[in-house]
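> Let me see the structure of the following:
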Amino acid sequence: MTVADTHPAPVTGMVGALRDLVSAEAGAEAPGAAVDAGDLEQAVWLRLLERLDADAGLPDDAARWVRTAVRAEARRARRTAARELPYRHEPAADPATDPAAGPERAALRSERRRALRAAVARTPGNCPRLLTAMLAPEDPTYREIAGTLGISQGSLGPMRSRCLGCLRRMLAAEVAAPGHLGRER
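Presented below is the predicted three-dimensional model:
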């Protein structure tokens, strides 16, 4: 259904006369509003139909009304874009479009975490307790870790360095070193 189907002949003539003006004004304002020109054009036509349905009649200076309406709709689009924020927790990505979200990637991440925790458990001395506390999901502070382990906060840094060095050496020994230029020796 078009404007011509629902409104009398003078409106139909005005729509034909304003079509190019609305299109040109919307095309000029759309880039600045970061909106599609067609969407802006539709919003202006909708505003005109609302005016006609409210029995406000045709605007006296149609060209001026079109320019004002296009600019008002462009401002509205800019305000809307500035206020719209994405949801904090977006739904899970589609594995077909995002390879990082696929089940294979999730399985690999899970396997890496399991291997890391198993290596942490094999470290000597107080290292398993320290590294487990540092890997906790609630992300404790040094003060909280020191309180949990019953050690001073000042000795936590050097102990952490020793434990991470030990863990690094253990994991390096488990991972096969690559051969020279991809060839086995």
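
> Verify the contact between Val120 and Leu167 for me.
Yes - applying Cβ atoms under 8 Å, one finds Val120 in contact with Leu167, separated by 6.5 Å. C-beta coordinates here come from the backbone N, C-alpha and C atoms, glycine included.

> Overlap of the contact sets of the two?
Taking Cβ atoms under 8 Å, 6 or more residues apart in numbering as the criterion, Val120 and Leu167 both touch Cys127, Leu131.

> Quick one: list the elements packing against the helix ranked longest in the chain.
Secondary structure of the chain per DSSP state H: the longest helix is helix 9-33. When contacts are defined as 3 or more Cβ pairs under 8 Å, 6 or more residues apart in numbering; DSSP states H and E, helix 9-33 packs onto helix 3-6, helix 37-53, helix 62-83.

> List the buried residues for that helix?
Under the neighbour-count criterion of 16 or more other Cβ atoms under 10 Å, helix 9-33 has Val11, Met14, Val15, Leu18, Val22, Glu25, Ala26, Glu29, Ala30, Ala33 buried.

> and what of stretch 159-170?
For stretch 159-170, the neighbour count (16+ other Cβ under 10 Å) marks Met159, Arg160, Arg162, Cys163, Cys166, Leu167 as buried.

> for the longest helix of the chain, what is the average pLDDT?
Across helix 9-33, pLDDT averages out at 80.

> contacts for that helix?
Helix 9-33 is contacted from outside by 3-4, 36-41, 44-45, 52, 58, 62-63, 66-67, 70-71, 73-75, 77-78, 81, using Cβ under 8 Å, 6+ apart.
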